[in-house]
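Undergrad: dropping the sequence and predicted coords here.
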Amino acid sequence: MSSEEDTVTLKSKDGKDFTVPSKAASLSQLVRDSMEDDSDAINVMRVDSTCLEKVVEFLVHHDEEAMKEIPTPLGGNKFEEIVTQDWYQNFVTREERDMIFDLLTAANYMGIKPLLDLTCLKVTFELTGKSAEEIRVILNLPKLTPEEEAKARQDHKW
């Protein structure tokens, strides 16, 4: 934590520091757990500075305008029907796929449920209606041999 009680410093895995209002940063379980320590900065060891900058942007905005909870079951067939707040729509639609996956991973690691929900929803709609091959490419999964695919289909019938 910084010497000022109203901010915390997050340090990315590549060593860049981000000063964030404590209230905004406390949306993260990792931050809440680390605030008890008396350290100068909270190390966010699994998140690089490019991604952490986006996470900080999300945290600060969420503190100003909380994201509406994503309903289950989903209340629409399009991302825009479910996420109705423009800022949150734009936050994920303006990013490249790799950054969305990085944000998803960071949200999971840092325990930021609204960001995790938002990025998972974005990925869900990106995968909806795609063939198995298209999904394999999007998720960067290795191509299975015909034998491996047959075994996987047998093992995971649904």
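TA: Received the coordinates, thanks.
Undergrad: Three-state assignment for the nearest residue to residue 105 once chain neighbours are set aside, please.
TA: Distance criterion C-beta to C-beta, 6 or more residues apart in numbering; nearest residue to residue 105, sequence neighbours excluded, is residue 46 at 7.4 Å. No exception for glycine: its C-beta is placed from N, CA and C like everyone else's. At residue 46 the chain is in coil, as set by DSSP: H, G, I helix; E, B strand; the rest coil.
Undergrad: how far away is the spatially most central residue of the chain from residue 63?
TA: Compute the mean C-alpha point of the chain, and by C-alpha atoms, centre = their mean the closest residue is residue 104, 2.7 Å away. According to C-beta to C-beta, to the nearest Å, residue 104 and residue 63 sit 21 Å apart.
Undergrad: repeat that for residue 10.
TA: 14 Å.
Undergrad: which of the two has more neighbours?
TA: The neighbour comparison of residue 10 against residue 63 (other C-beta atoms under 10 Å) goes to residue 10, with 26 against 16.
Undergrad: that one is in contact with residue 16, isn't it?
TA: No. With contact defined as C-beta atoms under 8 Å, residue 10 does not reach residue 16; the gap is 9.0 Å.
Undergrad: joint contacts of the two?
TA: Contact criterion C-beta atoms under 8 Å, 6 or more residues apart in numbering; residues shared by residue 10 and residue 16: residue 52.
Undergrad: if I look at the residue nearest to the centre of the chain, how far off is residue 17?
TA: Distance from residue 104 to residue 17, by C-beta to C-beta: 23 Å.
Undergrad: where does pLDDT dip in this protein?
TA: Residues of the chain that meet the criterion pLDDT under 70 lie in 1-5, 38, 158.
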